[in-house]
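>>> Sequence plus the predicted model coming up.
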Amino acid sequence: MAWTSAIAFLVIGLAFLIDRRIGAGLAALAALVAAIVFVPTFFGHAERGGRTDAVIAGARLDAEACRDPGMPILIELKNGNDRAAVKRLSFTLLGRLKGQTSVAYRAFLREDRVLAAGETSKICHALLPHAFAPPRPEEIIPGNYDWSVDLSLVDFAGA
């Protein structure tokens, strides 16, 4: 986009040097094209952002919901959008040692199950040993961490 703008400014500037009427016509044409491209792009991003913000994600330890000790982390994904189903999600499961702000665990995950409008999905997930930041703990105790989810991609059906 920056290259296109730079070239347009150069061409319009040269046209103004040759003939002001041609330069003014090119400037008007460039403004029209910019408006045609900018308006749908701007409003499209706002609409997609609003729909993406409708998905709520969280993670926590839950021995009741996740009975398998090898999969102790409960990840909840809620589609708060009232019209569109979620086809695919990509997210990061983050773990911070309690009382600390730095991330000690980071796993990039995705969910391909369709999440209908208004539906909540609960997934039990195992901890990946290679996802811990060095120095990796000798013994992994999930209760020593505060767990959270950071959404990176939300793909809606029909979007």
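Thanks, I have the structure now.

>>> Okay, helices next: where are they in this structure?
2-18, 20-53 (DSSP state H).

>>> Nearest to residue 149 among those would be which one?
For residue 149, the closest of those is helix 20-53, at 13.7 Å, according to CB to CB. Every C-beta, even on glycine, is put in place using the N, C-alpha and C of the backbone.

>>> Let me see the mean pLDDT of the closest one.
The average of the pLDDT scores along helix 20-53 is 71.

>>> possible to save the helices of the chain as JSON lines with mean neighbour count and distance to residue 125?
Formatted as JSON lines, those follow (neighbours: other CB atoms under 10 Å; distance: least, CB to CB, whole Å):
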{"stretch": "helix 2-18", "mean neighbour count": "12", "distance to residue 125": "41"}
{"stretch": "helix 20-53", "mean neighbour count": "12", "distance to residue 125": "22"}
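
>>> Any idea which of the ones you listed gets closest to residue 153?
Short answer: helix 20-53, nearest of the helices of the chain by CB to CB, at 8.8 Å.
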